[in-house]
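*Asks:* Attaching a predicted model along with its sequence, questions to come.
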Amino acid sequence: MIPVPLVVVVLGIVVNLGFTSIASHFSLKQTQLVNIPDNIFSNITFPDFSQFFSRTQIWKDGLAIGLLATLETLLCIEAIDKLDRRNRITPINRELVAQGIGNMTCGLIGAIPITAVVVRGAANIDAGARTKLSAITHGLFLLMAVLFIPFLLNKIPYASLAAILIITGYNLTKPKLYRNMWSLGWKQFLPFILTIVAILATDLLIGVSIGLLLSIYFIIRGNFKAEYKITKRTTNSIETEYIKLNTEVTFLNKVSLKKALDEVSEYCVLTIDGSECNFIDYDILEIISEFENKARDRHIELHLMGIEKVNVTAVH
């Protein structure tokens, strides 16, 4: 009936007030408590549009804030969708458009940027939220609290908020998650753990960027191995080779495919099967067409299945 984070906040306030009343050295300093001005409207600073085109740093900062806010929102959306007991999917485009409009409005009145926050989302879910009205009322309650009871909010210790964040983070990254990623193999676990280490060692933007680069590397590396499969056998003293192309064949495997064709033995029968391919890159078609001209000189009987030849002589 009573949310645990509320108990933590109230307990932190009561304990600190108790230490302060007895003049204990355990009492917190003012810098260790939430600090909200009594009149937040007096701190509103409108932007100086004269600096808009004269300082490039504004554009750099804006781009960094936009990327960070977008990344954090997307990560929070994925986490919250997994926590939702009703298994609903957040409309990402609508969320980002709303966030963009909100951040532009915040900039015009001197407010800090906004993002989706996993703590608020998790709190709403734990409280039984079912509709978008929960997020709206959540924001209204925050606004009313800042406007009408800032003196009470200023008694909240940062330590209480830190404890809530730690528990929320733990609930999102329990040891079970790491064991599950490990069970998927090192190809899944290595980018996962390296991204976490990079985020902790640097910041969210750099860490996620490193994670994306690692993921791209593993995707490209996987495509190098998965674009075709070679089978060799000997029938009636005649060597036959069969190359099966997968559904998507791109330029990424151009070099290795060309090397495989060059290693085909002379006086053999070669079949290249592309009948199940949804897409074959032009570079791959060009290599196969060029090899067809060389196959005659090497006494290789070539059969093509589902592969459209291209005119390579017109190019040279």
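*Replies:* Noted; the coordinates are in hand.
*Asks:* Sketch out the low-pLDDT regions of the stretch 151-300 of the chain for me.
*Replies:* 222-227, 235-236 (pLDDT under 70).
*Asks:* In it, mark out all the helices, start to finish.
*Replies:* With DSSP state H, counting those that start in this stretch as the criterion, the stretch 151-300 of the chain has helices at 158-172, 175-183, 186-201, 204-226, 254-262, 282-297.
*Asks:* Can you say which of those helices is nearest to residue 307?
*Replies:* helix 282-297 (6.1 Å; Cβ to Cβ). C-betas here are computed from N, CA, C, even on glycine.
*Asks:* Skip ahead from that closest one and say which helix or strand is next.
*Replies:* strand 301-305 (DSSP states H and E).
*Asks:* Now do that next one: everything it contacts.
*Replies:* Contacts with strand 301-305, where a contact means Cβ atoms under 8 Å, 6 or more residues apart in numbering, come from 268-275, 288, 291-292, 295.
*Asks:* Include mean neighbour count and distance to residue 11 when you put the helices of the stretch 151-300 of the chain into CSV, please.
*Replies:* Below are the helices of the stretch 151-300 of the chain laid out as CSV (neighbours: other Cβ atoms under 10 Å; distance: least, Cβ to Cβ, whole Å):
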stretch, mean neighbour count, distance to residue 11
helix 158-172, 15, 7
helix 175-183, 11, 27
helix 186-201, 15, 29
helix 204-226, 14, 30
helix 254-262, 15, 63
helix 282-297, 16, 66
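*Asks:* ok so, going back, tell me the one of the contacts of strand 301-305 nearest residue 246?
*Replies:* Looking across the contacts of strand 301-305 and measuring by Cβ to Cβ, the closest to residue 246 is residue 274, at 9.3 Å.
*Asks:* OK, contacts around the closest one?
*Replies:* Counting by Cβ under 8 Å, 6+ apart, residue 274 has contacts 245, 249, 280, 304-307.
*Asks:* Among the residues you listed, which one lies nearest to residue 27?
*Replies:* Nearest member of the contacts of residue 274 to residue 27, counting by Cβ to Cβ, is residue 249, at 69.2 Å.
*Asks:* before we move on, back to that, same list, the helices of the stretch 151-300 of the chain, but as CSV with distance to residue 51 please.
*Replies:* Converted to CSV, the helices of the stretch 151-300 of the chain look like this (distance: least, Cβ to Cβ, whole Å):
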stretch, distance to residue 51
helix 158-172, 33
helix 175-183, 45
helix 186-201, 32
helix 204-226, 24
helix 254-262, 50
helix 282-297, 49
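*Asks:* Go through those helices and name the closest to residue 113.
*Replies:* Using Cβ to Cβ, the nearest of the helices of the stretch 151-300 of the chain to residue 113 is helix 204-226, at 13.3 Å.
*Asks:* could you give the angle of the closest one to helix 254-262?
*Replies:* If you take axes from the mean of the first three to the mean of the last three Cα atoms, to 10 degrees, helix 204-226 sits at 10 degrees to helix 254-262.
*Asks:* what comes up buried for stretch 123-131?
*Replies:* Residues of stretch 123-131 classed as buried by neighbour count (16 or more other Cβ atoms under 10 Å): 123-125, 129.
*Asks:* What is the nearest of these to residue 87?
*Replies:* Looking across those and measuring by Cβ to Cβ, the closest to residue 87 is residue 125, at 12.0 Å.
*Asks:* need the contact list for the closest one.
*Replies:* 80, 83-85.
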